[in-house]
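> Here is my input; please provide its structure:
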Amino acid sequence: MLNLQVPVNIKGVAFVPQSNGTKVITVSAHRHVRLYDTALKKRPIYSVEPHDRALSCVCVASDGKRAVVGDVAGNVTMLDVETGRAIGNFKGHAGSVRDVVFHTSENMVATVSLDRNVRLFNAGTRQLIRKIYTKQRLNCVALTSEPYEAAVVAKVTQALLKRRTSFKPCILGGGKRRQTNIPGS
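Just a heads-up that it's a prediction; the model follows:
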């Protein structure tokens, strides 16, 4: 109506595989999921609002056909990359979803939320496979090549970082905790 631009406050960016680095998906604090193709034009190809809350993270599957977005209310939705339409939701989160990630070879999605749980889902059925409670508030998750294990890299609260306390990330899986030596930690 007034031709005013929608404010942009990007919270997550993911490159679409199999697109030669020209397609990018972004999520914003203003609830927008946007697909850009730099080979075609500078404006987004589409802009959709899958949730009614601010979006916090995005990840695209290795085939480039599906994307998963999370928001600050604990909603996680799988989207079709080409159309932007919702495929389905992942249930069980409480609190802001901080990170989502697809496994590169298995059909799995891992999520981390402020309820201090790492959740592993079957990407096809969106059913919960495993829930792992951690003692720290996590900000990101990475999947290993081993099935059903998540390598969790946790950032400690700002107070702990300011005090420069020593922190050793752990690899969780199979009910065991193993300390890892990560350079710079």
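
> Point out where this structure drops to low pLDDT.
1-7, 145-185 (pLDDT under 70).

> Point to the residue nearest the middle of it.
Central residue of the chain (C-alpha atoms, centre = their mean): Val100, 2.2 Å from the mean position.

> sec struct for that one, please.
Here Val100 is recorded as strand under DSSP: H, G, I helix; E, B strand; the rest coil.

> Count residues in the vicinity of Leu128, would you?
Using other C-beta atoms under 10 Å, Leu128 has 14 neighbouring residues. (Glycine included, C-beta is placed from N, CA and C.)

> Could you do Lys23 as well?
Neighbours of Lys23 (other C-beta under 10 Å): 22.

> Can you spell out which residues form a bridge with it?
Note on Lys23: beta-bridge partners by DSSP bridges are Asp37.

> which residues sit in contact with the closest residue in space to Glu82 that isn't next to it in sequence?
Spatially, and ignoring its direct neighbours in sequence, Glu82 is nearest to Lys65 (7.2 Å; C-beta to C-beta, 6 or more residues apart in numbering). Applying C-beta atoms under 8 Å, 6 or more residues apart in numbering to Lys65 gives the contacts Asp80, Val81, Glu82.

> what's the distance between Ser19 and Leu35?
Applying C-beta to C-beta, to the nearest Å, the value for Ser19 to Leu35 is 10 Å.

> Repeat that for Leu55.
Per C-beta to C-beta, Leu55 is found 14 Å from Leu35.

> If you count surrounding residues, which of those two has more?
Here Leu55 and Leu35 are set side by side on neighbour count (other C-beta under 10 Å), and the busier one is Leu55, at 27 against 20.

> In contact with the residue nearest to Leu55 when sequence neighbours are not counted, which residues are there?
Closest residue in space to Leu55, ignoring its immediate chain neighbours: Val27 at 3.7 Å, by C-beta to C-beta, 6+ apart. Going by C-beta under 8 Å, 6+ apart, Val27 touches Ile10, Lys11, Gly12, Val33, Arg34, Leu55, Ser56, Cys57, Val58, Val69.

> And what about Val27, helix, strand or coil?
Under three-state DSSP, the three-state class of Val27 is strand.

> So what sits opposite it in the bridge?
Gly12, Val33.
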